[in-house]
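[1] Sharing a model that was predicted from the sequence below.
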Amino acid sequence: MYIADRVMASSLVTDRTEVGNYFVANYPPFSVWTSEAVDRDARPRLAQPPADVPLGLYLHIPFCRKRCHFCYFRVYTDKNASEVQGYLDVLAREWELFSAQPAVAGRPLNFVYFGGGTPSYISTRQLESLVSRMDAVSSWRSAEEITFECEPGTLSESKIATIRGLGVTRLSLGVENFDDRILEINGRAHRSGEIDKAYAFAQSLDFPQINIDLIAGMLGETDANWQACVRRTIDMAPDSVTIYQMELPFNTTISRNLLASADAQEPVAAWSTKRRWVAEAFEALEAAGYTIGSAYTAVRDPRKTKFIYRDRLWQGADLVGLGVASFGHVGGVHMQNLDSFEAYCAAVEEGRLPLNRALWPTGDERLIREFVLQLKLGSVRPSYFHGKYGVDVLDRFQAPLDGLVAEGWLAIAGDRIALSREGLLRVDSLLPRFFRPEHASVRYT
Ligand SMILES: C[S@@+](CC[C@H](N)C(=O)[O-])C[C@H]1O[C@@H](n2cnc3c(N)ncnc32)[C@H](O)[C@@H]1O
Ligand code: SF4
């Protein structure tokens with residue numbers, strides 16, 4: 001997934017999981033991006049020569065078999081095969097339009113990410129034809145990493161073989177939970193038997209990296225079941241495990257039901273329980289030889305298993321985001337595509353870049369963005385920021401850093417600012433302290 005609109009929330013003031021965003025995906029907040037900045041900043045920057053940073057490509061495939069009750073992504077469950085094919089044609093055309101822009105033209109792709117929605121929803125034939133059309137514009141065979149998100153129940157042996165044949169290096173499986181009852185009450189389309197089959201096919205095809213996504217705090221989750229999920233994950237021994245704490249942004253089905261009913265019970269475990277579940281999972285994964293690589297990930301072999309998409313983005317790489325409502329960042333400007341299916345497709349079919357809103361961050365905002373995103377890795381080096389921005393972050397962020405040290409979430413030693421494990425587990429709730437005052441209390445999305 002890229003990094004959709006997720007946020008910090010007032011709900012964190014309390015321990016209850018209330019409706020509101022938690023996850024800090026980008027900075028400045030999406031709510032301050034504007035349509036005026038599209039013509040003023042984004043289009044002129046795209047017409048400039050390229051920045052000297054790696055270039056990535058994100059493709060948003062917004063189709064799913066079912067909409068999960070907790071999901072906040074832009075997804076459609078009602079499109080027929082010809083509408084899906086029409087959308088894929090538009091994606092390829094959009095890539096032609098972006099590739100003609102001076103800021104993008106002729107640049108090699110360093111990383112590619114198929115996110116969603118569910119990229120594995122599309123058929124083998126559709127996938128092959130999409131990739132061959134995209135490849136004709138600009139080859140991605142030299143990309144260091146190609147990630148492909150999958151919902152386990154959409155994978156057949158032949159589809160996984162096609163995905164591998166297209167050069168995918170990182171297969172990410174949305175497992176979420178192994179208990180069929182919990183999968184069902186959360187509206188997931190897959191069941192545990194499909195996880196086992198998909199994982200076995202994937203393993204037999206030698207993907208350089210297989211990742212498993214889990215969610216701590218699904219509806220109906222219990223201590224015993226969570227422990228069983230963690231054990232089962234460790235037995236499968238994937239290259240990496242990503243664990244999200246369940247959040248309830250405004251546009252999920254659970255949130256809508258909660259807001260509609262005055263006497264609704266708290267349906268999702270409290271934040272302290274979800275943090276404890278992630279802490280227990282991290283401890284069990286560490287005991288099994290994994291290394292904690294960020295607030296959300298554990299990797300089996302950190303020398304071999306990287307996450308290039310995340311690391312490059314968090315260091316300011318360019319990203320062309322293709323698809324309805326996709327986010328990108330080119331030449332220092334944040335941009336997002338139109339978020340209605342029809343308006344997005346119509347713009348591309350008329351030969352226009354389908355941009356909806358944008359923001360050109362100042363130097364200080366770029367510094368804050370990199371600093372907060374990299375803190376999610378667990379530690380940052382002041383010398384990196386001094387080398388890149390000429391700024392002493394210990395001085396620039398003295399007040400929030402002092403506060404976090406005093407509260408025990410963070411320690412500073414030599415050239416290292418490091419979160420404690422407890423700090424890491426709540427990192428998204430701490431990051432707004434580093435925001436500029438005008439962004440500290442605005443709505444995030
Ligand atoms: C685009 S989905 C992955 C691919 C595929 N659509 C699937 O779900 O299997 C990205 C991930 O976001 C996470 N996610 C979705 N909604 C969430 C929520 N409300 N809170 C926390 N994580 C969430 C899930 O772990 C999911 O695997
Ligand atoms: S399958 Fe993934 S993208 Fe689709 S609704 Fe469920 S969580 Fe969202």
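    Yes, it's here. As the structure is a computational prediction, the values presented were derived from the model and not from experiment. Ligands and ions are numbered 1, 2, ... in the order given.
[2] Tell me who's in contact with the residue in the stretch 151-300 of the chain that ligand 1 sits nearest to.
    Nearest residue of the stretch 151-300 of the chain to ligand 1, counting by C-beta to the nearest ligand atom: Gly174, 1.9 Å away. For glycine as for every other residue, the C-beta is placed from the backbone atoms N, C-alpha and C. Counting by C-beta atoms under 8 Å, 6 or more residues apart in numbering, Gly174 touches 118, 149-152, 213.
[3] That one: what secondary structure?
    Using DSSP: H, G, I helix; E, B strand; the rest coil, the structure places Gly174 in strand.
[4] now do Pro49
    Criterion first, three-state DSSP; result for Pro49: coil.
[5] In three-state terms, how would Asp428 be classified?
    What three-state DSSP gives for Asp428 is helix.
[6] Tell me if Pro102 really is in a strand.
    No - counting by three-state DSSP, Pro102 is not found in a strand; it is coil.
[7] In terms of pLDDT, where does it sit?
    At Pro102, the pLDDT value in this model is 97.
[8] Mind listing the residues bridging to the residue of the stretch 151-300 of the chain closest to ligand 1?
    For Gly174, the beta-bridge partners are Asp213 (DSSP bridges).
[9] could you measure it against Glu151, distance?
    Plainly put, Gly174 is 5 Å away from Glu151 if you go by C-beta to C-beta, to the nearest Å.
[10] most neighbours, which of the contacts of Gly174?
    Cys150 (28 neighbours; other C-beta atoms under 10 Å).
[11] Check which residues of the lowest-mean-pLDDT helix or strand in the chain are buried.
    Lowest on mean pLDDT, DSSP states H and E among the helices and strands of the chain sits helix 253-260, with a mean of 90. Buried positions in helix 253-260, judged by neighbour count with 16 or more other C-beta atoms under 10 Å: 253-255, 258.
[12] Low-confidence stretches in the protein?
    The model of the chain has pLDDT under 70 over residues 1-13, 263, 266.
[13] What count of nearby residues applies to the closest residue to ligand 1 within the stretch 301-445 of the chain?
    Nearest to ligand 1, among the residues of the stretch 301-445 of the chain, is Asp428, at 11.1 Å (C-beta to the nearest ligand atom). Counted by other C-beta under 10 Å, the residues lying close to Asp428 total 24.
[14] Let me see the contact set for it.
    Counted by C-beta under 8 Å, 6+ apart, Asp428 has contacts 8, 22-24, 295, 376.
[15] Quickly note the distance from the nearest residue to Asn225 once chain neighbours are set aside to Gly289.
    Nearest non-adjacent residue to Asn225, counting by C-beta to C-beta, 6 or more residues apart in numbering: Asp179, 5.3 Å away. Distance, Asp179 to Gly289, using C-beta to C-beta: 25 Å.
[16] Tell me which of those two has more neighbours.
    The neighbour count for Asp179 versus Gly289, taken as other C-beta under 10 Å, is higher for Asp179 (20 against 11).
[17] Pretty sure the more buried one sits against Cys229.
    Yes - counting by C-beta atoms under 8 Å, Cys229 is a contact partner of Asp179 at 7.3 Å.
[18] for this protein, which helix is longest?
    Identified as the longest helix of the chain according to DSSP state H is helix 81-99.
[19] which residues sit against that one?
    Here helix 81-99 has contacts from 46, 57, 59, 62-63, 79, 104-105, 122-123, 126, 129-130, 133-134, 137-138, 320, 322-324, 341, 344-345, 348-349, 351-354, using C-beta under 8 Å, 6+ apart.
[20] For these, I'd like a selection string for PyMOL - just the buried members, please.
    Here the buried members of the contacts of helix 81-99 are turned into a PyMOL selection, burial being counted by 16+ other C-beta under 10 Å:
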select buried, resi 46+57+59+62+63+79+104+122+126+129+130+133+134+138+320+322+323+324+341+344+345+348+353+354
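[21] Next one: the closest residue to Arg45 other than its chain neighbours from Leu319, what distance?
    Leaving aside its chain neighbours, Arg45 sits nearest to Gly331 (3.8 Å; criterion: C-beta to C-beta, 6+ apart). The gap separating Gly331 from Leu319 is 11 Å, by C-beta to C-beta.
[22] now swap in Ser82 and tell me
    30 Å.
[23] quick one, which of the two is more surrounded?
    Between Ser82 and Leu319, counting by other C-beta under 10 Å, Leu319 is the more crowded of the two (24 against 8).
[24] in the sheet, who's paired with the more buried one?
    Taking DSSP bridges as the rule, Leu319 bridges to Gly56, His329.
[25] show me what contacts it?
    Applying C-beta under 8 Å, 6+ apart, we find Leu319 in contact with 2, 55-58, 313, 327-330.
[26] Going by distance to ligand 2, which of these wins?
    For the contacts of Leu319, the minimum distance to ligand 2 (C-beta to the nearest ligand atom) is 11.8 Å, reached by Tyr2.
[27] The helix or strand hosting Gly387: which residues count as buried?
    Using DSSP states H and E, Gly387 sits within helix 382-389. By neighbour count on 16+ other C-beta under 10 Å, the buried set for helix 382-389 is 382, 385, 389.
[28] any chance of those residues in TSV, with distance to Leu248 too?
    Output for the buried residues of helix 382-389, formatted as TSV (distance: C-beta to C-beta, whole Å):
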residue	distance to Leu248
Pro382	36
Phe385	34
Tyr389	35
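[29] In terms of distance to ligand 2, which of the residues you listed ranks first?
    Phe385 (34.4 Å).
[30] Verify the stated contact: the closest one with Val372.
    No - between Phe385 and Val372 there is no contact under C-beta under 8 Å: 11.8 Å.
[31] residue contacts, the closest residue to ligand 2 within the stretch 151-300 of the chain?
    Nearest residue of the stretch 151-300 of the chain to ligand 2: Glu151, at 4.7 Å (C-beta to the nearest ligand atom). Glu151 sits next to 64-65, 118, 120-121, 174, 189-190 when contact means C-beta under 8 Å, 6+ apart.
[32] Quick one: buried ones out of those?
    64, 118, 120-121, 174, 189-190.
[33] In strands, which of these fall?
    Gly174 (DSSP state E).
[34] mind giving me CSV with the buried ones among the contacts of Glu151 and columns for distance to Met335?
    Converted to CSV, these look like this (distance: C-beta to C-beta, whole Å):
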residue, distance to Met335
Cys64, 25
Thr118, 24
Ser120, 27
Tyr121, 26
Gly174, 27
Ala189, 32
His190, 33
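[35] Tyr58 in helix, strand or coil?
    strand.
[36] now do Leu219
    Per three-state DSSP, Leu219 ends up coil.
[37] which non-adjacent residue is nearest Ala141?
    Careful, residue 141 is Arg and not Ala. Nearest non-adjacent residue to Arg141 (C-beta to C-beta, 6+ apart): Gly167, at 6.0 Å.
[38] and the one you found, how far is that from Thr273?
    41 Å.
[39] Val168 too?
    In terms of C-beta to C-beta, Val168 sits 35 Å off from Thr273.
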